[in-house]
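What would the 3D arrangement of this be:
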Amino acid sequence: MFTLHVDNTVHDFDSWKEVFDRYEDFRRSRGVRSYRVVRAADDPQRVLVDLDFDDEATAVAFRGALDKVWASPASREQLAAHREPMLLDVVVQRTL
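Purely as a prediction, here's the structure:
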């Protein structure tokens with residue numbers, strides 16, 4: 001499994017989340033199997049999103065598609081900053 005780790009700083013989390021939720025079909029149709037949204041405990045405007053994919057090629061293609069999302073007026077309005085997404089190769093995942 002591969003995870004695309006996205007690190008954003010947003011102006012307002014609740015407004016950002018509304019826009020994020022509008023892209024559910026976009027994520028599903030481009031191979032996202034699951035995702036997690038977390039906020040930094042010491043900075044609630046910093047939002048981290050981990051998107052899980054079955055394979056590297058699908059994750060890389062999605063990373064390219066993110067440019068279109070970030071270019072949309074709704075996204076530009078919500079994002080204060082974003083860092084380059086990081087592609088992670090999940091070696092071990094265990095639920096205890």
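
Find the residue at the geometric middle of this structure.
Val49 (3.9 Å; C-alpha atoms, centre = their mean).

Next one: that one relative to Leu96, how far apart?
Per C-beta to C-beta, to the nearest Å, Val49 is found 24 Å from Leu96. Quick note: C-beta positions are derived from backbone N, CA and C, even for glycine.

Next: Leu48.
Counting by C-beta to C-beta - Leu48 and Leu96 are separated by 22 Å.

can you pull the contacts of the closest residue to Asp55 other than its chain neighbours?
Nearest non-adjacent residue to Asp55, counting by C-beta to C-beta, 6 or more residues apart in numbering: Phe2, 6.5 Å away. By C-beta atoms under 8 Å, 6 or more residues apart in numbering, the contact list for Phe2 reads Asp52, Phe53, Asp54, Asp55, Glu56, Thr58, Ala59, Leu87, Leu88, Asp89, Val90.

could you flag which of the residues you listed are buried?
Those of these that meet the buried threshold are Asp52, Phe53, Thr58, Ala59, by 16 or more other C-beta atoms under 10 Å.
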